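Visitor: Attaching a predicted model along with its sequence, questions to come.
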Amino acid sequence: MKKQCSWRYLFLVVVMVSGGILPGMAQRTAGEKHLSRPLPEQWAGDSLFVQQLPVTGRWWLNLDDTLLDSLITVAFANSPDLKTLFYRVQSAQAALCMKQSAYYPSLQANFGWNKNQTSGRVSDAGTQAREHFFSGALTTTWEIDLFGATTMQMRSQKAQYRISIETYNAALVSLAAQVASAYAQLRVLQQQEIVARRNINSQKSILEMTEVRYETGLASQLDVAQARSVYFSTLATVPSIEAGIVVQVNILALLVGTHPEALVPVLEKERPIPDFRAIVPVGVPANLLRQRPDIRAAEQSVVAAAALVGASRADYLPRLTLTGSIGFASQQMNEFFDHRSLTYSIAPSLTWTLFQGRQYTQATRQARAEWQASIEQYNLAVLTAVQEVDNAMAYYKGAVKQLGVLYDLVEQGKITLTLSLDLYKRGLSTFQNVLDAQRSLLDYQNGLVSAQGIALTSVIDLYRALGGGWDNTSSE
């Protein structure tokens, strides 16, 4: 009676496995979104943003700069970091294929010749025995995935393969943003150099005017010294700006995967800062779960860890292995394939480890801990993504508002310099007003260029935070 019940129990377990009940339980657990708190329904409203699906592909085309487009395209093709990650994807794919081979039996072919002789001193007959024969056989071993251990391990490996793909996609997002940011900083520095040289020319003209007025007795030597101080102070800023331009070219060369000398001819020509003024589609926060490769990779880490929990539980259950061989053995080669030379063996075995200390228990405990850790990492990735989008939106809104004021401030600075210089020429004002107007105008113009750079960088950071820079349709 007990034997009959045990066979019924085994039959029930086999039916559950074949029907996908046990593997399905682990699969449903692994596929859940383990958010610690729900995402906001929408971003903070502003006229600069619309809740449409954001641009996730080549967002930099919105900046309308063909050179930037070319740089990012070349970077995608030449970046050593991207190539490294691409080969890691291939390695993960090969590892997945190797893991899938566990579903199939192994087959070995053995051929050989044996000659044996036994000692005559150890047998009762006191005679030696000799034999020799030729043999050949095919041997197969197949461990049947009775309780889903191989399935769980393969599912974990498949998740690792997907993680490698999402890591590559995340590198695309990061690389596009890094190239665009370096390019934006380069254009900001070039515009600052233009501002500096324009002010140098203006300050040089004022210096020459004060020198003429001093020679004619209309100005003091103090006026000349102060004019020279402002002129040389502005002139001293140019070398650092030029050095910054060289550094940005070097950064771009590294990102693009070439030497700086190859980029200097195309980047040394000054260009305006790319136009950043646009209504940015940001979608809703829930889109981040689909758009950002780092979140998708974190999600696959949860899937992989959950599958390993299922695999560790399968260690508690028996393992069914089928071993068999078929071949021929004969002392004479002309009788090798005779039916009397046929040899074969079939040896199914059911192995069940009944006691292993606490190894299996602790292995499951370790797997569950890794699973919980991956869930927390997933939540951290989501929270970080939401924060990055919020920060980029805030910086962009602030920079746009600041620009509106700075444009007016620069115009007023020009008017102030013109009026103070006119009053000074007419002897109705001191030269100090001209000096203050010169310094202020330079500060206003540099502040305007810097604000333009901050606004452009904020837009770039916003696209990066939204997961832009890769084609997510290829990974669905």
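Guide: Nice, I can see it.

Visitor: okay, CA-based contacts and neighbour counts for the rest of this
Guide: Fine.

Visitor: Give me the distance between residue 35 and residue 238.
Guide: 51 Å (C-alpha to C-alpha, to the nearest Å).

Visitor: which one of those two has more residues nearby?
Guide: Counted by other C-alpha atoms under 10 Å, residue 35 and residue 238 do not tie: residue 238 has more neighbours, with 17 against 14.

Visitor: For the more buried one, which residues are in contact?
Guide: Contacts of residue 238 were listed using C-alpha atoms under 8 Å, 6 or more residues apart in numbering, and they are 193, 196-197.

Visitor: Just the element for it, please.
Guide: Residue 238 belongs to helix 237-256 when assigned by DSSP states H and E.

Visitor: Which neighbouring elements make contact with whatever helix or strand comes next after that helix?
Guide: Downstream of helix 237-256, the first helix or strand assigned by DSSP H and E is helix 260-267. If you count contacts as 3 or more C-alpha pairs under 8 Å, 6 or more residues apart in numbering; DSSP states H and E, helix 260-267 packs onto helix 237-256.

Visitor: Quick one, grab the pLDDT at the closest residue to residue 188 other than its chain neighbours.
Guide: Distances taken as C-alpha to C-alpha, 6 or more residues apart in numbering place residue 453 nearest to residue 188, at 5.9 Å, with adjacent residues excluded. Listed pLDDT for residue 453 reads 92.

Visitor: and if you look at residue 369?
Guide: At residue 369, the predicted lDDT confidence score is 92.

Visitor: circling back to that earlier point, how about the helix holding residue 238: buried residues?
Guide: Buried residues in helix 237-256, defined by neighbour count with 16 or more other C-alpha atoms under 10 Å: 238, 241, 244-246, 248-256.

Visitor: Tell me the strands beside the strand ranked longest in the chain, with direction?
Guide: As assigned by DSSP state E, the longest strand anywhere in the chain is strand 129-144. Next to strand 129-144 in the sheet, as set by DSSP bridges, lie strand 106-118 (antiparallel), strand 319-330 (antiparallel).

Visitor: and residue 422, which of those is closest to it?
Guide: Set against residue 422 and scored by C-alpha to C-alpha, those come closest in strand 106-118, at 95.8 Å.

Visitor: Could you pull up the residues touching the residue nearest to residue 188?
Guide: 184-185, 188, 273.

Visitor: Farthest pair within those?
Guide: Farthest apart among these - using C-alpha to C-alpha - are 185 and 273, which lie 8.9 Å from each other.

Visitor: can you list the weak-confidence ranges in the chain?
Guide: For the chain, applying pLDDT under 70 flags the ranges 1-34, 45-46, 54-56, 121, 123-126, 357, 472-476.

Visitor: now the strands: where do they sit in it?
Guide: Applying DSSP E to the chain gives strands spanning 49-50, 106-118, 129-144, 280-281, 319-330, 342-351.

Visitor: Quick check: which of the ones you listed is nearest to residue 72?
Guide: Closest approach to residue 72 among these (C-alpha to C-alpha): strand 280-281, 20.4 Å.

Visitor: Could you tell me which strands sit next to that closest one in the sheet, and their orientation?
Guide: When DSSP bridges is applied, strand 280-281 pairs with strand 49-50 (parallel).

Visitor: List of residues touching the partner strand?
Guide: Applying C-alpha under 8 Å, 6+ apart, the contact partners of strand 49-50 are 279-283.

Visitor: And the helices in the stretch 251-400 of the chain?
Guide: For the stretch 251-400 of the chain, applying DSSP state H, counting those that start in this stretch gives helices covering 260-267, 288-291, 293-314, 359-425.

Visitor: What is the burial count for residue 177?
Guide: 25.

Visitor: Can you verify my assumption that it contacts residue 459?
Guide: No: if you go by C-alpha atoms under 8 Å, residue 177 and residue 459 don't touch, sitting 9.9 Å apart.

Visitor: show me the contacts for the residue most central in space within the chain.
Guide: By C-alpha atoms, centre = their mean, the chain has its centre lying nearest to residue 170, at 2.6 Å. Going by C-alpha under 8 Å, 6+ apart, residue 170 touches 292-294, 467.

Visitor: what do you get for residue 227?
Guide: Residues in contact with residue 227 (C-alpha under 8 Å, 6+ apart) are 203, 206-207, 210, 435.

Visitor: out of these, who's nearest residue 303?
Guide: Distances from residue 303 to those, taken by C-alpha to C-alpha, are shortest for residue 203, at 65.9 Å.

Visitor: So what sits opposite residue 329 in the bridge?
Guide: Assessed by DSSP bridges, residue 329 has beta-bridge partners residue 135.

Visitor: residues contacting it?
Guide: Counted by C-alpha under 8 Å, 6+ apart, residue 329 has contacts 133-136, 336, 341-343.

Visitor: what about it, distance to residue 138?
Guide: Noted for residue 329: a distance of 12 Å to residue 138, by C-alpha to C-alpha.

Visitor: same question, residue 349
Guide: In this structure, residue 349 and residue 138 are 19 Å apart, going by C-alpha to C-alpha.
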